[in-house]
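*Asks:* Give me the fold of what follows.
(4 chains)
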Protein chains: 2
Amino acid sequence: MPSLDKSLVADLPMFAGLGDDDVGAILKEAQSIRYPKGASVFQQDEDAHSFFVLLHGHLRVMKVTPDGQQVVVRFVTPGEIFGIAMAMGRTTYPASALAVVDSVALVWPSPAWPRLVAKHPSLAVNAIQTVGSRLQEAHTRVIEMSTEQVERRIAHALLRLAQQAGRKGEDGIQIDFPISRQDVAEMTGTTLHTVSRILSAWEDQGLVDSGRQRISIRNPHKLFLLAEPPAG
Amino acid sequence: MPSLDKSLVADLPMFAGLGDDDVGAILKEAQSIRYPKGASVFQQDEDAHSFFVLLHGHLRVMKVTPDGQQVVVRFVTPGEIFGIAMAMGRTTYPASALAVVDSVALVWPSPAWPRLVAKHPSLAVNAIQTVGSRLQEAHTRVIEMSTEQVERRIAHALLRLAQQAGRKGEDGIQIDFPISRQDVAEMTGTTLHTVSRILSAWEDQGLVDSGRQRISIRNPHKLFLLAEPPAG
DNA sequence: CGGTTACTTGATATAGCTCAATAAGGGTGG
DNA sequence: CCACCCTTATTGAGCTATATCAAGTAACCG
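*Replies:* Reported below is the predicted structural model:
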């Protein structure tokens, strides 16, 4: 019984440079698990027992500060590897992951990682690149938070979301999972009130069309101009 | 002529899990270069020709936004690997590195990386961990910028600097390289004016002792309490 | 010394937070 | 299918942390 279809995953960046046989062997060690909407995939500070590849759905990854404030680290989209705390030399997860819609992931036990890497070194190379690009993103975010004010940060966040999880609709690009004002606030370091006000303003200008846990971008070009004002 | 002393570098995290022979072989491919104070090691967007290990001195890594604002990404301290853009799958450096004091680094040509990794897989594993811990730091910074106000952010930044580059002096921990108010501002997303005011206030309270491009922490414990106020 | 770079400090302006109240969806159970 | 409830979103008013503007002082460098 070929438990998992190689074709589903063979061309994910994580498996780049691996032959079909290798991919098959790696997949044999994984199981696929379904996470219903709202379910937790793993919790911050919990023992990093597994690592994952998202097959279907969307996850919100968030961190909570000691005093209870939440920050959204990112959203995981299908094809991404996540929860690789162990590969980064950690024993616990640095953040929590929650299914925002019904989702399915491949799951490997963390102890399999060193063995798999030893046998398939390209895994390590690919993992560095994955972590590297996340580092880039994180730095981008630091820079935005240091130098831009709220409106531009929100514009950037929405454009990024549209790129990662945008679904072309009748008029505009819709973000393909439920996302609240609070979520956007936690991604951009502001409050839901400010997000609400700004989205309302943009709505009036015909820039976006949004509602309860739903945002679509009607005019990406104008939004882009807000995010990156032409030099002057 | 044994150009470089293995003992200098054999126990850096980057070479963990490698035998003396391996370390020797890897070192053979590097040259050591001196960067006088103020010299550029590499420039943002420049072709990622080399990667480095800092042997001596301190570097400031910074990014410039399209509109010319600078952000300090981090300071490099001796023993660290840096400029590994290429390992992360980039062809150009995402930031610039500048010697803030006379410095010395080991330099490898980027094309050597894949070959070295193929021959010494622990390099890849160690690199993931390095990049992973930088990702952690970057996320920490995002979270601080999202949830803390300026005074706490500066407190955190100074404590981190003290940990990475603190030199125990007669009274307190001195940051071991020249650092201006502007630098601290660019690390914490504020202005030099605000940093100056806050340091002045701390000076009055006997928390720090600072001057032109010089900061030392007289009372780390109190500073820590500012950074992490006890729950309430 | 003269010039430049770093730092200090006051006064004012304002972006965005906080507080507060209301409204609109949308799911659920009767 | 309707009524209710809970979550999410909207919007106003006032406040405050911090940026900005402005001016002067101190340290270092050649």
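*Asks:* packing partners for the longest helix along chain A?
*Replies:* Across chain A, the longest stretch assigned as helix under DSSP state H is helix A:121-147. If you count contacts as 3 or more C-beta pairs under 8 Å, 6 or more residues apart in numbering or on different chains; DSSP states H and E, helix A:121-147 packs onto helix A:112-119, helix A:150-165, strand B:70-76, helix B:112-119, helix B:121-147. Where you see a C-beta, it was placed from the backbone N, CA and C, and this is true even at glycine.
*Asks:* Can you lay out these as JSON lines showing mean neighbour count, distance to B:Thr92 and mean pLDDT?
*Replies:* Shown next, in JSON lines, are these (neighbours: other C-beta atoms under 10 Å in any protein chain shown; distance: least, C-beta to C-beta, whole Å; pLDDT from 0 to 100):
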{"stretch": "helix A:112-119", "mean neighbour count": "15", "distance to B:Thr92": "27", "mean pLDDT": "94"}
{"stretch": "helix A:150-165", "mean neighbour count": "20", "distance to B:Thr92": "21", "mean pLDDT": "98"}
{"stretch": "strand B:70-76", "mean neighbour count": "22", "distance to B:Thr92": "15", "mean pLDDT": "98"}
{"stretch": "helix B:112-119", "mean neighbour count": "15", "distance to B:Thr92": "15", "mean pLDDT": "94"}
{"stretch": "helix B:121-147", "mean neighbour count": "21", "distance to B:Thr92": "17", "mean pLDDT": "96"}
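*Asks:* In CSV, list those along with distance to DNA strand D.
*Replies:* Listed next are those as CSV, based on distance: least, C-beta to the nearest atom of the strand, whole Å:
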stretch, distance to DNA strand D
helix A:112-119, 35
helix A:150-165, 12
strand B:70-76, 13
helix B:112-119, 37
helix B:121-147, 10
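*Asks:* Would you mind giving these as a markdown table with distance to A:Thr194 added?
*Replies:* A markdown table is the format used below for the helices and strands packed on helix A:121-147 (distance: least, C-beta to C-beta, whole Å):
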| stretch | distance to A:Thr194 |
| --- | --- |
| helix A:112-119 | 41 |
| helix A:150-165 | 6 |
| strand B:70-76 | 23 |
| helix B:112-119 | 44 |
| helix B:121-147 | 13 |
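*Asks:* Would you mind saying which of the ones you listed lies nearest A:Arg90?
*Replies:* Across the helices and strands packed on helix A:121-147, A:Arg90 has its closest neighbour in helix B:121-147 (7.3 Å, C-beta to C-beta).
*Asks:* what residue ranges in chain A are flagged as low confidence?
*Replies:* Within chain A, the stretches with pLDDT under 70 are A:1-7, A:232.
*Asks:* Near chain B, which residues of it are found?
*Replies:* Selection of chain A residues close to chain B by C-beta under 8 Å from any C-beta of the partner chain yields A:63, A:65-67, A:69, A:71, A:73, A:87-90, A:94-95, A:114, A:117-118, A:121, A:124-125, A:127-129, A:131-136, A:138-139, A:141-143, A:145-147, A:186, A:189, A:228, A:231.
*Asks:* 6 Å instead?
*Replies:* A:63, A:65, A:69, A:71, A:87-89, A:121, A:124, A:127-129, A:131-132, A:134-135, A:138-139, A:141-143, A:145-147, A:189 (C-beta under 6 Å from any C-beta of the partner chain).
*Asks:* can you give me the helices in chain A?
*Replies:* Going by DSSP H, chain A shows helices at A:6-9, A:20-28, A:112-119, A:121-147, A:150-165, A:181-188, A:192-204, A:220-227.
*Asks:* quick one: buried residues of the last one?
*Replies:* Meaning helix A:220-227. A:Pro220, A:Lys222, A:Leu223, A:Leu226, A:Ala227 (16 or more other C-beta atoms under 10 Å in any protein chain shown).
*Asks:* separation between the second one and B:His139?
*Replies:* Distance check for A:Lys222 against B:His139: by C-beta to C-beta, to the nearest Å, it reads 31 Å.
*Asks:* check contacts around the closest residue to A:Ala155 other than its chain neighbours.
*Replies:* Closest residue to A:Ala155 apart from its sequence neighbours, by C-beta to C-beta, 6 or more residues apart in numbering or on different chains: A:Ala227 at 3.8 Å. For A:Ala227, the contacting residues are A:Arg152, A:Ala155, A:His156, A:Leu159, by C-beta atoms under 6 Å, 6 or more residues apart in numbering or on different chains.
*Asks:* A:Ile173: what's it in contact with?
*Replies:* Going by C-beta under 6 Å, 6+ apart, A:Ile173 touches A:Ala162, A:Gly166, A:Ile217.
*Asks:* how's chain A carved up into domains?
*Replies:* Annotated domains of chain A cover A:6-134, A:147-227 [automatic domain parsing].
*Asks:* No further queries at this time; thank you.
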